[in-house]
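In: give me a model of this one.
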Amino acid sequence: MESNHTTTRSYASNTDHSYCDKQCRVILTTLYGVVLLGGTTGMALMSCMMLRRKSRSVITTIILNIIVLHSILLISLPFRLSYYILGVWEFGTLFCRLVSGIIYGHMYGTFVFYAAIVIFRLLIYFKKLQMQQLQKHHVVVLSIVIWTVGSIIFLPILFLQYGINPSSSRPQRCFEFHTDLNRRKFITLNYSMIVIMITKVVILFLIQMGVIVQLVKALWPDLWAHQDYRAQIKSFFFLLVIVVCFIPHHVFRVYFIQNYSEIDNSKLVLYNEIFIALTTVCCLDMVCFVAGVVH
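Out: As a prediction, this is how the structure comes out:
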């Protein structure tokens, strides 16, 4: 009986994962493993640090939202690791859709809160907003609105539309929802998200660089002695995380959508999975803060 189970598992591994060979699994397992270990360490240390300081600032409240998002993603990573190590998904189709959807919900949710930090600091710099006008309950309300709107948009797509293509609902396989790209509405949704994210990042990046250049000219050489400069460098760090972790996935996504086909998709699907995994590296942001890379 054990022999038959082993044979079935081996067969499933050799046939169902033809697009993801041993090298693919090593890359994804290593990447997710590093994120899980580093991200969990960063979350724990950052949470302890914030509890000790008992800060109630606007930025702290936003950071808490990011920590919650990171924590949800980190909880889902052991299931991904199990799949790539064993070569078989043993947790059911519905849970597969949930774990797969979490990575996208995390990416866009983190992007929204990163952008909120950058925008708040830019508004304060341009004196369009006074820090004294911002109370903690304002950001709490904003956070509730973001989570509510995100859930209203995300959950129906996840449970009613995402992954219902028969070709992506096979037992012992998971994370193959790229087959949904044969449906026009998902192509449109992908292009819309790509345009929105890249446009917003480019605009914020250009404004942020302009502000930093102005501060360098005005405050040189005692840059780090000024709070305004340090605050803008922190904002630049969040934009840098977006550029490194999120933009490559969205740029490749355009090529993937245009060239994907079910007939010959092994390499493209592999690269797509790697770019998706790269988005989770943003969970290491708290490690950078705790380690003092960004003060």
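In: and His70, how far from Leu98?
Out: Relative to Leu98, His70 is positioned 17 Å away (criterion: CB to CB, to the nearest Å). C-betas here are computed from N, CA, C, even on glycine.
In: and if you look at Tyr229?
Out: 43 Å.
In: swap in Thr29?
Out: With CB to CB as the criterion, Thr29 and Leu98 are 21 Å apart.
In: what's the answer for Val139, then?
Out: 28 Å.
In: this structure: helices as residue ranges?
Out: 2-16, 22-53, 58-86, 93-125, 136-156, 184-219, 227-245, 247-259, 266-278, 285-291 (DSSP state H).
In: including distance to Arg173, could those helices go into a markdown table?
Out: Listed next are the helices of the chain as a markdown table, based on distance: least, CB to CB, whole Å:
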| stretch | distance to Arg173 |
| --- | --- |
| helix 2-16 | 5 |
| helix 22-53 | 14 |
| helix 58-86 | 9 |
| helix 93-125 | 8 |
| helix 136-156 | 23 |
| helix 184-219 | 19 |
| helix 227-245 | 26 |
| helix 247-259 | 19 |
| helix 266-278 | 12 |
| helix 285-291 | 32 |
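In: rank those helices by pLDDT, which is bottom?
Out: Among the helices of the chain, helix 2-16 has the lowest mean pLDDT, at a mean of 41.
In: so for Val139 and Leu98, which sits in the more crowded spot?
Out: For Val139 versus Leu98, neighbours defined as other CB atoms under 10 Å are more numerous around Val139 (21 against 18).
In: what's the neighbour count on the closest residue to Cys245 other than its chain neighbours?
Out: Leaving aside its sequence neighbours, Cys245 sits nearest to Cys282 (CB to CB, 6 or more residues apart in numbering; 4.4 Å). By other CB under 10 Å, 25 other residues sit near Cys282.
In: and Val88, what pLDDT?
Out: pLDDT at Val88 comes out at 85.
In: so that it lines up with my notes, have the first residue be 832 from now on.
Out: Okay, using 832 as the starting number, the last item reads as Val919.
In: so how far is Leu862 from it?
Out: Val919 is 20 Å from Leu862, by CB to CB.
In: same check, this time on Met880
Out: 26 Å.
In: and these two? Which one has more around it.
Out: Leu862 (18 against 13).
In: one step back: mind checking the helices of the chain for the one nearest to Cys1005?
Out: helix 924-956 (4.0 Å; CB to CB).
In: so how far is that closest one off the chain centroid?
Out: Centre-to-centre, helix 924-956 and its host chain are 6 Å apart (CA atoms, centre = their mean, to the nearest Å).
In: same thing with stretch 971-991?
Out: Using CA atoms, centre = their mean, the offset of stretch 971-991 from its chain centre is 16 Å.
In: identify the residues contacting that stretch?
Out: Under the contact criterion CB atoms under 8 Å, 6 or more residues apart in numbering, stretch 971-991 has outside partners 892-893, 896, 928-929, 932, 936, 939-940, 943-944, 947, 1020.
In: let's see it at 10 Å
Out: With contact meaning CB atoms under 10 Å, 6 or more residues apart in numbering, stretch 971-991 is reached by 889, 892-893, 895-896, 899-900, 925, 928-929, 931-933, 935-936, 939-940, 943-944, 947, 951, 965-966, 993-994, 1016-1017, 1020.
In: can you check stretch 1045-1054 too?
Out: Tyr956, Ile1043, Ala1056, His1057, Asp1059, Tyr1060, Arg1061, Ala1062, Gln1063, Ile1064.
In: tell me the gap between that stretch and the middle of its chain.
Out: 33 Å.
In: list the contacts for the residue nearest to Val1072 when sequence neighbours are not counted?
Out: Closest residue to Val1072 apart from its sequence neighbours, by CB to CB, 6+ apart: Cys1113 at 5.1 Å. By CB under 10 Å, 6+ apart, Cys1113 lies in contact with 866, 870, 897, 900-901, 904, 937-938, 941-942, 945, 1069, 1072-1073, 1075-1077.
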